[in-house]
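Peer 1: kindly generate the corresponding structure for this input.
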Amino acid sequence: MKRILSAIIGSALVLGMAACQSGSKSTTSTPSTPGAPPAFAFIGNGDNSISMYTLTSGGALSTLGTLAPPSATEAVSGATLDQSKKFLYIPDATNNQIYGYAVGGSAGLTAIAGSPLTVPGSISANALSAGGVGLYAVNASSLSVQAFTVDATTGVLTASGSTFSLASVNCALSNAAAFGYCTTTSSIYGYSYNATTGVWTGLGSPFPVSITGFTGTNVGLVIVPSGLVGWAWNVPSTASTIVTTVPVTIQPFKINSTTGALTLGTQVTNNSVVSVAGVSGSGAVTFDPQGRFIWMGESGAVASYTVNATTGAIGTPPVTSSIGGGANFINVTLAPPGAAIGAVLEGNIIPSGTTTYQPALIHSSNGLLTPTGTPTTFPFAGDIFNFGGAYPVLLLTAYPPAGGTGTIVSYSVNTATGDLTQVSELATGPSPQIILTTQ
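Peer 2: Predicted structure coming up:
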């Protein structure tokens, strides 16, 4: 739920699988960007504590220590950063509170004055989302939302406007127009967005807009950050206990910048591999943040679709890359955003199998992925995150095979070839998961 909720006001479009393993070294490197300030990485542990690290643009990790949650009911897995990435917030659904921390310095995290803040109404454990005017607290059961403004200097939260309701938690905001949208299993709901209070207000006719052909409850919604186009996607539920191939459907749409009304385009359906059986289609679809391409993972291949940046229309038929040799799942990630290099994650069901990182060149006209460079295999279960921009670094965590402490491993990414070079490997808590980074 955390990944979907974070899309409520978010602009990230990459929906690739975020689960991977611990790895090996390759032979090339990416130099550190001169003058780039250190970033921070925060790892949620199985005991609900947070391991804190600094990270240089060249991939070097340094341990800052461990933050023990002040409340046993504080949900570390639901933590989020504000849009400036200066403040971290953690929900406590049991007591309907939000704990706030300033990010930076030798301490890593320092409690904000007045923390914790009591939330009007109630919130869910994994229901904080940054964006818009500040921060949103969501009750996933009632679908009620409370907006907060964030003081840019102190990080103090102030409730903004009244609680409002959404049709679902699968939502996205158009940065190019003051409208937001939420998708259910068969419809898209539209909302006007108040840029001062952050409150969403439901739009009347023609909403909700019906979507034909969607089945099951695994749905999502993405909008190009600087554009007026987006896509709703649907992965049918499956009773498979391992992995399976299912028809994944994408519905393109164009946003009217004046009224918020949607013009639906022609749907595209592709048989893609679902990597979390019976739960969701994580990794089945990857949307290019620049709105140029859509990639859909197949067993041993990746289908690349072109996108019309004006209408959102998806070009067919796709071009297909043979990558993976029949692996159980195929997912695409981009490193760094905007570069001509991507990577394909291929492997078996997590946590028992392996995952291989295969660098790939992205064809500028049709999005075709061509394997290049040296693949790296990660043999243990964990979590993967890819930095971009000044931080071409890949982080992953590895669970201990039987008790004990986990590890966090950093790799520099060669932006010309996509190859990885291991830089650091440090201890974490017993069940590490990368929850937040500041770059």
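Peer 1: kindly state the beta-bridge partners for Gln146.
Peer 2: Taking DSSP bridges as the rule, Gln146 bridges to Ala137.
Peer 1: number of nearby residues for it?
Peer 2: 24 (other C-beta atoms under 10 Å). C-beta coordinates here come from the backbone N, C-alpha and C atoms, glycine included.
Peer 1: same thing with Ala140?
Peer 2: Ala140 sits with 17 neighbouring residues when counted by other C-beta under 10 Å.
Peer 1: can you give me phi and psi for it?
Peer 2: phi -70, psi -20 (degrees, to the nearest 10).
Peer 1: now do the contacts for the residue lying closest to it once chain neighbours are set aside.
Peer 2: Excluding the flanking residues, the one nearest Ala140 by C-beta to C-beta, 6 or more residues apart in numbering is Ser124, at 4.1 Å. Contacts for Ser124 (C-beta atoms under 8 Å, 6 or more residues apart in numbering) come out as 1, 78, 91, 93, 138-141.
Peer 1: ok, now with 7 Å
Peer 2: By C-beta atoms under 7 Å, 6 or more residues apart in numbering, the contact list for Ser124 reads 93, 138-141.
Peer 1: show me which of those residues are buried.
Peer 2: With burial judged by 16 or more other C-beta atoms under 10 Å, the buried subset of these is 93, 138-140.
Peer 1: helices of this protein, start to end?
Peer 2: 2-5 (DSSP state H).
Peer 1: note down every partner strand of the longest strand seen in it and its orientation.
Peer 2: As assigned by DSSP state E, the longest strand anywhere in the chain is strand 244-255. Neighbouring strands of strand 244-255 in its sheet, by DSSP bridges, are strand 229-235 (antiparallel), strand 262-264 (antiparallel), strand 268-274 (antiparallel).
Peer 1: could you list the buried residues of it?
Peer 2: Applying 16+ other C-beta under 10 Å to strand 244-255 flags 244-246, 248-255 as buried.
Peer 1: now Asn270: closest residue in space, sequence neighbours ignored.
Peer 2: Closest residue in space to Asn270, ignoring its immediate chain neighbours: Met296 at 4.5 Å, by C-beta to C-beta, 6+ apart.
Peer 1: count of residues packed around the one you found?
Peer 2: 27.
Peer 1: check what pLDDT it gets.
Peer 2: On the pLDDT scale, Met296 is placed at 84.
Peer 1: and Pro318, by the same measure?
Peer 2: With respect to pLDDT, Pro318 scores 93.
Peer 1: same question for Thr374.
Peer 2: 82.
Peer 1: doesn't Val302 make contact with Gly367?
Peer 2: No: between Gly367 and Val302 there is no contact under C-beta atoms under 7 Å: 9.3 Å.
Peer 1: please enumerate the shared neighbours of these two.
Peer 2: Common neighbours of Gly367 and Val302, using C-beta under 7 Å, 6+ apart, are Trp295.
Peer 1: those two - which one has more neighbours?
Peer 2: For Gly367 versus Val302, neighbours defined as other C-beta under 10 Å are more numerous around Val302 (28 against 24).
Peer 1: if we can go back for a sec, in JSON lines: the buried residues of strand 244-255, plus pLDDT.
Peer 2: Output for these, formatted as JSON lines (pLDDT from 0 to 100):
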{"residue": "Thr244", "pLDDT": "66"}
{"residue": "Thr245", "pLDDT": "74"}
{"residue": "Val246", "pLDDT": "77"}
{"residue": "Val248", "pLDDT": "85"}
{"residue": "Thr249", "pLDDT": "89"}
{"residue": "Ile250", "pLDDT": "92"}
{"residue": "Gln251", "pLDDT": "95"}
{"residue": "Pro252", "pLDDT": "96"}
{"residue": "Phe253", "pLDDT": "96"}
{"residue": "Lys254", "pLDDT": "96"}
{"residue": "Ile255", "pLDDT": "96"}
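Peer 1: relative to Ala360, which of these is nearest.
Peer 2: Val248 (20.4 Å; C-beta to C-beta).
Peer 1: okay, now the spatially closest residue to that closest one that is not a sequence neighbour: neighbour count?
Peer 2: Spatially, and ignoring its direct neighbours in sequence, Val248 is nearest to Ser272 (4.4 Å; C-beta to C-beta, 6+ apart). If you count neighbours by other C-beta under 10 Å, Ser272 ends up with 26.
Peer 1: could you pull up the residues touching Ser272?
Peer 2: Going by C-beta under 7 Å, 6+ apart, Ser272 touches 245-246, 248, 284, 296-298.
Peer 1: what sits against Ser322?
Peer 2: With contact taken as C-beta under 7 Å, 6+ apart, Ser322 is in contact with 300-301.
Peer 1: 6 Å instead, please
Peer 2: Counting by C-beta atoms under 6 Å, 6 or more residues apart in numbering, Ser322 makes contact with Ala301.
Peer 1: same check, this time on Gly227
Peer 2: Contact analysis of Gly227 by C-beta under 6 Å, 6+ apart lists 176, 291.
Peer 1: where does it fall, phi/psi-wise?
Peer 2: phi -120, psi -170.
Peer 1: low-confidence stretches in the stretch 101-250 of the chain?
Peer 2: Scanning the stretch 101-250 of the chain for pLDDT under 70 picks out 125-127, 131-133, 216-217, 237-244.
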